[in-house]
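*Asks:* Fold the stuff below for me.
(one chain, ligands or ions: 1)
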Amino acid sequence: MRFLHLADLHLGKRIHGYDLLKDQRHFLFRVALKACEEKDTSILLLSGDIFDQSAPSGDAMSLLDDFLSECADRGIRVLMIPGNHDSPERLSYASAFFAKRGIHIVTDPAQAKKPIMIDGDAFFLIPFLRQADLFRLGEPCSRENDFATNFALYLDSLPLIQGGHNIVLAHQTVLDVEGHEPTRSDSELPSIGTSANLPLKPFMRFDYVALGHIHNKYPILSERIRYAGAPLKYHVNECAQRKTMNLVELNGKDIHVEEIPIVALRDVKKIRGSFDELMSHEDEEHYIYAELTDLRPIDNVSGKLKGKYPYLLGSLYVSLEKKESDRGPIDVKAIGKDPIDEDFAKFYETMTGKALSSFQKKEIQEIAQAVQGEKQ
Ligand SMILES: [Mn+2]
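*Replies:* Okay, the predicted model is just below:
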């Protein structure tokens, strides 16, 4: 049994205003389908957050439509669940019809109890669940229990098969063996509180757990319980992440997971240097965030950088700006009590972490005097 495990496609996602549909199309057709062909697998798992929005754009829906049609034509079985970003109702549109062509979409937790059987192996497709969904489901879940307890009871109630593998798809936050939360990425929605976190143990009875939700790729505890991570970098702060796909092979009690690196159509990169240095760089085709080391602002810097980097995400003068978290609060009430030039010197130091040079001090003093003169 061999399959490719993906999650968090977020079709229709934008990064700093740039539409990523081309990048996502490239990933699905040129990377994911190519991997299925090269690695000789005809089963693809998509563990939730298929779309970025619950009401996806027509273009995003067309992309999924094209992709699923191509999979069906190639005889690839696709198993998918909704994530917290997806609308279960919209995602399950025509699902009975799709199932006849080997595209299985499960959006109802009651339906998940009936596994999808492929070559004697059982796939349990669990849609993204909240406590309210488990309350609605009733037995064995109850209103007396917290979410983690109810989810564990629900997992225990799944009818595992004998003599074949049991594989589960889920889109939840699962804690590691020590109870730590996974490292989050900036493109994930912040979760409120920790009530939605699930312990690892109830998942350990399965041969493989194909998780979605956490955009960082990282294996939890064992080879068998994994997040796929988002296939593309969906935020500037994810530029250092290494994106991969999980190619899973189950053979009796043995498991082998190959992490296939993803080469994106355009990478998301941060580059740092002086304006002149950056203008001689060769990263034109990527999504670029420029960190400028120049000490003086440059006129129309974004416009000039965009001339070279058409996919410029943004720019920042790193030496002129201290991170908000690194600098103390500005005491607004104190402004105006001291002479203007002294106020300015304090403000400059708060913002940059540096004192004014003697030349700058002199210039500011002159400006301050001129302003004072005008006032009087
Ligand atoms: Mn997601």
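*Asks:* Now name the helix or strand holding the closest residue to residue 330 other than its chain neighbours.
*Replies:* Nearest non-adjacent residue to residue 330, counting by C-beta to C-beta, 6 or more residues apart in numbering: residue 350, 5.8 Å away. Where C-beta positions appear, they are placed from N, C-alpha and C, glycine not excepted. For residue 350, the element it lies in under DSSP states H and E is helix 340-352.
*Asks:* what's the offset of the helix or strand residue 245 falls within from the middle of its chain?
*Replies:* Here residue 245 sits within strand 244-251, counting by DSSP H and E. How far strand 244-251 lies from its chain's middle: 20 Å, per C-alpha atoms, centre = their mean, to the nearest Å.
*Asks:* repeat for stretch 285-300
*Replies:* With C-alpha atoms, centre = their mean, you get 26 Å for stretch 285-300.
*Asks:* same deal with stretch 358-373?
*Replies:* 49 Å.
*Asks:* what does stretch 242-251 give?
*Replies:* For stretch 242-251, the distance to the chain centre is 18 Å (C-alpha atoms, centre = their mean).
*Asks:* Contacts made by it with the rest, please.
*Replies:* 1-6, 31-32, 35, 39, 41, 121, 165, 167, 207-208, 210, 217, 226, 228-233, 255-262, 264 (C-beta atoms under 8 Å, 6 or more residues apart in numbering).
*Asks:* related to what we said a few turns ago, what about the strand holding residue 245, average pLDDT?
*Replies:* For strand 244-251, the mean per-residue pLDDT is 97.
*Asks:* Each with direction, which strands does it pair with?
*Replies:* Using DSSP bridges, strand 244-251 pairs in its sheet with strand 2-6 (antiparallel), strand 254-261 (antiparallel).
*Asks:* Quick one, grab the pLDDT at residue 212.
*Replies:* Predicted confidence (pLDDT) for residue 212: 95.
*Asks:* Can you get me a residue count around it?
*Replies:* Applying other C-beta atoms under 10 Å, we find 30 residues neighbouring residue 212.
*Asks:* Next, the contact list for it, please.
*Replies:* Applying C-beta under 8 Å, 6+ apart, the residues near residue 212 are 7-8, 46-49, 81, 83, 169-171, 227-228.
*Asks:* Could you tell me which of those belong to strands?
*Replies:* Within the contacts of residue 212, residues falling in strands by DSSP state E are 46, 47, 81, 169, 170, 171, 227.
*Asks:* surely the last one meets residue 214?
*Replies:* Yes. At 4.7 Å, residue 227 and residue 214 qualify as touching, with contact defined as C-beta atoms under 8 Å.
*Asks:* intersection of neighbour lists for the two?
*Replies:* In contact with both residue 227 and residue 214: residue 182, using C-beta under 8 Å, 6+ apart.
*Asks:* Can you show me the helices along this protein?
*Replies:* Per DSSP state H, the chain carries helices over the ranges 21-26, 33-38, 58-73, 88-91, 95-99, 131-137, 147-156, 275-278, 301-308, 340-352, 358-375.
*Asks:* residues in contact with the residue positioned nearest the centre of the chain?
*Replies:* For the chain, residue 215 is the residue whose C-alpha lies nearest the centre (C-alpha atoms, centre = their mean; 3.6 Å). By C-beta under 8 Å, 6+ apart, the contact set of residue 215 is 8, 184, 185, 187, 188, 229, 230, 234, 238, 241.
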